[in-house]
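Colleague: From the sequence below, what's the structure:
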Amino acid sequence: MKKGIIALLITAVLVFAAACSPQGTDKSVDYEIALIASADSVEDGSFNQAVWRGIESFVEEEPVSYKSYLATEDTTDAYLRVIEEAVKGGGKVVVTTGPTFGNAVKEAQEEYPEVSFLMVDGQPQEEDGSAAAIDKNTLPLLFAEEQAGYLAGYAAVKEGYHSLGFIGGKAYDSVQKFGYGFVQGADQAAKETGTSDVNLRYTYAETFEQDEQVQQLAADWYQKDTEVIFACAGGAGKSVMKAAEQTKRKVIGVDTDQGQESETVIISAVKNLNESVGDVLSTYYGEGEFAGGQAVQLSAENGGIGLSIESSRMKNFTARDYDEAFRKLAQQQVSIKSEGIKDAKALETSRVAVELVGL
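Modeller: Numbering: from 1, shown residues only. Predicted structure coming up:
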């Protein structure tokens, strides 16, 4: 991913919003940047932590007070209470992580027009789940997860794995896209290598937290014949890693480079979370502008997704292989199905046999 491409993309859609711009530091303000997450901790080794690192990287260069707030209940009312707490605590920029905040931000953007809402992997939603208006004080950052998942599946089969697994946290749109892309990438690599015996177990764990049941599920798959699992489950990915360590199998990480979490992680499907969050904050504090009012789409074309090829532990899938696969995505030479799909089996892949587990 090239440094600065995200900044240029965000600048291209900037909308000057005086009501959302910083007007100097009020001495009574405690925490101007507020991260709100629906998790036990921001240190999940995955998505939330990557967003948090983006904020930390920014404040290292631009000293601004910041704090994380954790929602203890998975309800819109609970999210609104936490947002209210953050705003009362001096929050000028409220950063939310994931799609679960859609209903809450839809209401909060109207209730707090002076606050800027940066939604990472989410956008305002109506109660029925349909898209809601994006006000000028709200900026959703959306990623092409299907592309990152495609690269992960492609790399796995090119590496030589024939028995794959996918464990998602919950069947959210972003998680499904990772999974659907994974299946299609594996199928494409199987076609190119003349492989016809690729099997893929597929399920959702119904949690993004570390969980003994997730660890046991992964261990069961590994003990059967699964060689590598693509774990798109936030903190629950650590449970998959524990199972891999016990069975001497492998994991593909997600969202950020998870290679440091476990030696079982051979590569990760990453989103450019750190830089994209930092770019938004830099523009807000440096130029007094906020690119709200519409969503920013981040993909291979603008350096928004990729694989952690620099720290890859793969032996057969090389940097040259990756560059070629990434180039095709960036130039839109690859079509990946991600919308209107009933389930992973409905993708009707010709070289990958999908087994839905518990779905």
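Colleague: how much space between Ala148 and Ala236?
Modeller: 18 Å (Cβ to Cβ, to the nearest Å). Any C-beta I mention is one placed from the backbone N, CA and C, and that applies to glycine too.
Colleague: If you could redo that for Val105, that was the one I meant.
Modeller: 25 Å.
Colleague: next one: Gln147
Modeller: 23 Å.
Colleague: what are the ranges of the strands in the stretch 1-150 of the chain?
Modeller: 33-37, 66-70, 93-97, 116-120, 138-143 (DSSP state E, counting those that start in this stretch).
Colleague: so where is this protein shaky, pLDDT-wise?
Modeller: 1-29, 359 (pLDDT under 70).
Colleague: which ones are touching the residue most central in space within the chain?
Modeller: Centroid check for the chain by Cα atoms, centre = their mean gives Asp255 as the closest residue, at 4.6 Å. Going by Cβ atoms under 8 Å, 6 or more residues apart in numbering, Asp255 touches Ser46, Phe47, Ala50, Ser268, Ala269, Val270, Lys271, Leu273.
Colleague: Could you figure out how far the one helix or strand the fifth one maps to is turned away from strand 116-120?
Modeller: Same thing as Ala269. Counting by DSSP states H and E, the element that carries Ala269 is strand 265-271. Put simply, strand 265-271 runs at 140 degrees to strand 116-120, going by axes from the mean of the first three to the mean of the last three Cα atoms, to 10 degrees.
Colleague: any idea of the angle strand 265-271 forms with strand 138-143?
Modeller: Using the same axes, to 10 degrees: strand 265-271 against strand 138-143 is 140 degrees.
Colleague: can you dump the C-alpha coordinates of strand 265-271 into CSV?
Modeller: In CSV, the C-alpha atoms belonging to strand 265-271 read as follows (Å, rounded to 0.1, in the frame of the first residue of the first chain):
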residue,chain,number,x,y,z
VAL,A,265,-0.3,-16.9,11.3
ILE,A,266,1.2,-17.3,7.8
ILE,A,267,-0.3,-14.1,6.3
SER,A,268,-3.1,-11.6,7.0
ALA,A,269,-5.8,-10.0,4.9
VAL,A,270,-5.4,-6.4,5.9
LYS,A,271,-7.3,-3.1,5.7
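Colleague: Can you name every helix or strand that the helix or strand following that strand contacts?
Modeller: Heading C-terminal from strand 265-271, the first helix or strand you meet, by DSSP H and E, is helix 273-287. The contact analysis (3 or more Cβ pairs under 8 Å, 6 or more residues apart in numbering; DSSP states H and E) places helix 273-287 against helix 5-12, helix 47-61, strand 93-97, strand 116-120, strand 138-143.
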